[in-house]
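[1] Make a model of this:
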Amino acid sequence: MKRTLLLSSLLLIGALRANGSAEAIAITEKKIDKWVETRRIIADERASWLGEQGMLETSGSLLKEELEALKRAVEILAETSTAADAERENLQAERAEIEDANEMLAVKVRSLEVAIHELSTRFPSPLLIKVAPLLQNIPVKGSRTKKVLGQRLLTVLGVLSQAEKFNGTLTLQTGARDISGTGVQERVTTLYWGLAFAVYVDDAGKFSGVGVPGPDGWEWSTRNESAADVRRFIATYSGETDQLDFVNIPVEIR
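    Residues are numbered from 1 along each chain as shown. Next comes the predicted model:
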């Protein structure tokens, strides 16, 4: 293009120099120079525009891809947000159910604690010795506690487990008791038949009695006339004798 313009200009100048005046030739040369410069500028601008157009098209494609990626990200975020909202609602519902269950369990545990304190008044001394540490951790009726619900429940279950174990076995205990009514402590052996009843006898086999659980603790009554039978009964259980026979125990089961 530039080469064609240059040749055309040279031909035109040559024709003017052959046929025209010097002044006309000078004016024509200036016009041709301006025209050539204008064409050059137009050609440069066109080339620049074509380059910029290519860059714009490339940028447009990249921006379009980024826009599509952004749309996909927004869609994924919306789906994730919806799933998160649903999960949050489920967790809140589960939390409400757990809180309701904890409240119900707290009421139940509180009633069990009250019942344990009332029941412990009917525990015999061997059982009380075993469960004393547990009973100390059970709050009394009307008091507040900072212990967690799980610990309180385990404490109640621990007392009940010990009571059930004691109730299923025979327990032998040796201690001192005023059995003569004179204020003198005598050594006696007591055999507890679970939580149902107990019998005791002194070492001489002279004094004996029976005990049963009462509302305010164990109630003991003297049965000295049965001392020999009670002595034989305890001796058979403790292994002091190999003789097995029937004995009459003056006990009334409540």
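[2] R152 - how many residues pack around it?
    20 (other C-beta atoms under 10 Å). Bear in mind the C-beta positions are built from the backbone N, C-alpha and C, glycine included.
[3] same question but for T174, I mixed them up
    T174: 11 neighbours (other C-beta under 10 Å).
[4] That one looks like it's in a strand, true?
    Yes: secondary structure of T174 (DSSP: H, G, I helix; E, B strand; the rest coil): part of a strand.
[5] Where does the residue nearest to it when sequence neighbours are not counted sit, in terms of helix or strand?
    The shortest distance from T174 to any non-neighbouring residue, by C-beta to C-beta, 6 or more residues apart in numbering, is to T189 (5.2 Å). Following DSSP states H and E, one finds T189 within strand 186-193.
[6] next one: T145
    Counting by DSSP H and E, T145 is found in no helix or strand.
[7] tell me the secondary structure for the nearest residue to it once chain neighbours are set aside?
    Leaving aside its chain neighbours, T145 sits nearest to P139 (4.1 Å; criterion: C-beta to C-beta, 6+ apart). Put simply, P139 is coil when judged by three-state DSSP.
[8] what's the neighbour count on P139?
    P139: 16 neighbours (other C-beta under 10 Å).
[9] Backbone dihedrals for it, please?
    phi -60, psi 140 (degrees, to the nearest 10).
[10] now the angle between strand 186-193 and the next helix or strand after the strand holding T189, please.
    Downstream of strand 186-193, the first helix or strand assigned by DSSP H and E is strand 197-202. Taking axes from the mean of the first three to the mean of the last three C-alpha atoms, to 10 degrees, one finds strand 197-202 and strand 186-193 inclined to each other by 160 degrees.
[11] How far does the helix or strand that strand 197-202 is followed by sit from its chain's centre?
    Using DSSP H and E, the helix or strand that directly follows strand 197-202 along the chain is strand 208-214. Strand 208-214 sits 49 Å away from the centroid of its parent chain (C-alpha atoms, centre = their mean, to the nearest Å).
[12] Strand 208-214 packs against which elements?
    Judged by 3 or more C-beta pairs under 8 Å, 6 or more residues apart in numbering; DSSP states H and E, strand 208-214 is in contact with strand 197-202, strand 217-222, helix 227-238.
[13] okay, the angle between the second one and strand 208-214?
    Right, strand 217-222. Here the directions of strand 217-222 and strand 208-214 differ by 160 degrees (the same axes, to 10 degrees).
[14] which residues are contacting strand 217-222?
    Contact with strand 217-222 is made by 121-122, 124, 179, 198, 200, 207-213, as judged by C-beta atoms under 8 Å, 6 or more residues apart in numbering.
[15] Farthest pair within these?
    Largest separation among these by C-beta to C-beta: T121 and F207, giving 26.1 Å.
[16] For those two, indicate the residue with more neighbours.
    The neighbour comparison of T121 against F207 (other C-beta under 10 Å) goes to F207, with 21 against 13.
[17] most packed of the helices and strands packed on strand 208-214?
    Highest mean neighbour count among these (mean count of other C-beta atoms under 10 Å): strand 197-202, with a mean of 23.
[18] So which elements touch it?
    Judged by 3+ C-beta pairs under 8 Å, 6+ apart, strand 197-202 is in contact with strand 186-193, strand 208-214, helix 227-238.
[19] Could I get the buried residue list for the second one?
    So the one you mean is strand 208-214. Going by neighbour count (16 or more other C-beta atoms under 10 Å), the buried part of strand 208-214 is 208-213.
[20] now it against helix 227-238, angle please.
    Computed by the same axes, to 10 degrees, the angle between strand 208-214 and helix 227-238 is 70 degrees.
[21] on that earlier part again, out of the helices and strands packed on strand 197-202, name the one with the poorest average pLDDT.
    Comparing mean pLDDT across those, the weakest is helix 227-238, with a mean of 85.
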